[in-house]
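S.K.: Structure here, sequence nowhere to be found:
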């Protein structure tokens with residue numbers, strides 16, 4: 001066999017393998033969607049700050065004058081802006 005014929009044969013084999021791999025991948029059954037509700041059921045213990053911030057959000061403009069909301073916002077800012085500490089989040 002000359003070199004051109006060998007190169008053509010190699011190209012044909014490569015294309016045949018690529019088509020075979022594509023067909024196998026396309027006929028593979030799709031994986032079932034992951035149920036995200038399971039991961040939320042294993043959530044860590046409720047954070048009281050988060051609950052307070054949610055309450056303040058529901059208050060709307062009245063939260064500006066609520067001392068508990070002001071404290072919760074200050075604590076939230078402190079947690080967010082504080083440099084990394086040893087406590088895991």
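M.R.: Done, it's in. Predicted model, so just to flag it, every value in this text is computed and none were measured. Residues are numbered from 1 along each chain as shown.

S.K.: For residue 70, grab the count of nearby residues.
M.R.: Residues near residue 70, counting by other Cβ atoms under 10 Å, number 13. All C-beta atoms are positioned from the backbone trio N, CA, C, and that covers glycine.

S.K.: Which strand or helix spans it?
M.R.: helix 67-81 (DSSP states H and E).

S.K.: Packing partners of that helix?
M.R.: Counting by 3 or more Cβ pairs under 8 Å, 6 or more residues apart in numbering; DSSP states H and E, the packing neighbours recorded for helix 67-81 are helix 48-59.

S.K.: quick one: stretch 66-83 to chain centroid distance?
M.R.: Taking Cα atoms, centre = their mean, to the nearest Å, one finds the center of stretch 66-83 at 26 Å from the center of the full chain.

S.K.: thinking again about what came up before, okay, the angle between the helix holding residue 70 and helix 48-59?
M.R.: Angular relation of helix 67-81 and helix 48-59 on a 0 to 180 degree scale: 120 degrees, by axes from the mean of the first three to the mean of the last three Cα atoms, to 10 degrees.
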